[in-house]
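K.L.:
I would like the atomic coordinates for the input below:
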Amino acid sequence: MTNLFWIIAAGMGAVALMIVTRPLTSDSTRLPRIAIVVALLVPALALSLYTMLGTPQAASSQGNVMSDNGEVATSSRSSTAPKKVDSVGNMLERLERRLEGEPDDAGGWLLLARSYHHLDRISDAGVAYEKAVALGKTDTAFEKLLRAETGDTKAVDHSSTGLTIKGRVSIADEVAVEIEPMATVFVFAKAVNGSAMPLAVVRRSVSELPFEFALDDSLAMVAGMTISSAEQVEVSAKISSTGNAMQPDEGIEANSGAIKVADAEYLELQITRKK
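P.N.:
Predicted structure coming up:
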């Protein structure tokens, strides 16, 4: 395309030169009007031609390119978005796989929750966030956003699956006066003689006491480690002034003792100071 431009421009220039210099070799002393017109038009036409043709490199970098097999390949700019989407999907899959092998990574669960939320997977974001909370990682602003989007003013809503252990948590008056209302209450179930990892966790604030709870398989921290998979569990309620589940206030708690999951009755747990 560039060679063609210069060939045309050179031809036009030669024609203009012939017309302009012809009067100099003739007897006429006046320059024909046509010579003046052509002399003025040549630069304008050359500029217009260059504008229309442009540079081949620029044209090929922004337009669509026809491949050998006849398919149209989009420009580099238009292909950026799909690559970004694929990249986010790949990173999300890697994070999910890593958490399967490292289920106690609180920061990883929080990152996964935010990633799900970014992709509008609100329910999945709620599940991942609760796992982060159970491991002591919280984000107040993000939690409020989740609650607002789910329309739940107390906790992120999840459908109950499998066996469920229900109950009510209260706090003794002599303990309540010592605890800040914004302190956190964790209610969780652990397998008797099993892993220290909770099978299900519910998180509330002290200001909500007394409150009812329901622990089921949808609140599992790790795939396969659910309430339904355990024969016996112990349900506990603890308070953490820092909001960290790994740092509960020492000596302030309630425990159900060992209970059979299949025959679990409604629990009444009262948080007291252990002696």
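K.L.:
what's the strand or helix carrying residue 187 packed up against?
P.N.:
Assigned by DSSP states H and E, residue 187 belongs to strand 184-191. Contacting strand 184-191 under the criterion 3 or more C-beta pairs under 8 Å, 6 or more residues apart in numbering; DSSP states H and E are the following elements: strand 165-171, strand 200-205, strand 211-215, strand 232-240. (Each C-beta comes from the backbone N, C-alpha and C, glycine too.)
K.L.:
The first one to strand 211-215, inter-axis angle?
P.N.:
Interaxial angle, strand 165-171 versus strand 211-215 (axes from the mean of the first three to the mean of the last three C-alpha atoms, to 10 degrees): 150 degrees.
K.L.:
Looks like residue 136 contacts residue 247 (just checking).
P.N.:
Yes: Residue 136 is in contact with residue 247 according to C-beta atoms under 8 Å; the separation is 7.0 Å.
K.L.:
more neighbours, the two?
P.N.:
Using other C-beta atoms under 10 Å as the criterion, residue 136 and residue 247 rank with residue 136 on top: 16 against 12.
K.L.:
tell me the SS of the more buried one?
P.N.:
Here residue 136 is recorded as coil under DSSP: H, G, I helix; E, B strand; the rest coil.
K.L.:
just to revisit the earlier point, who does the strand holding residue 187 pair up with?
P.N.:
Using DSSP bridges, the strands paired with strand 184-191 are strand 200-205 (antiparallel), strand 232-240 (antiparallel).
K.L.:
mind giving me a markdown table with those and columns for distance to residue 184?
P.N.:
Listed next are the strands paired with strand 184-191 as a markdown table, based on distance: least, C-beta to C-beta, whole Å:
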| stretch | distance to residue 184 |
| --- | --- |
| strand 200-205 | 6 |
| strand 232-240 | 5 |
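K.L.:
nearest to residue 148, of the ones you listed?
P.N.:
The closest of the strands paired with strand 184-191 to residue 148 is strand 200-205. By C-beta to C-beta, the value is 16.4 Å.
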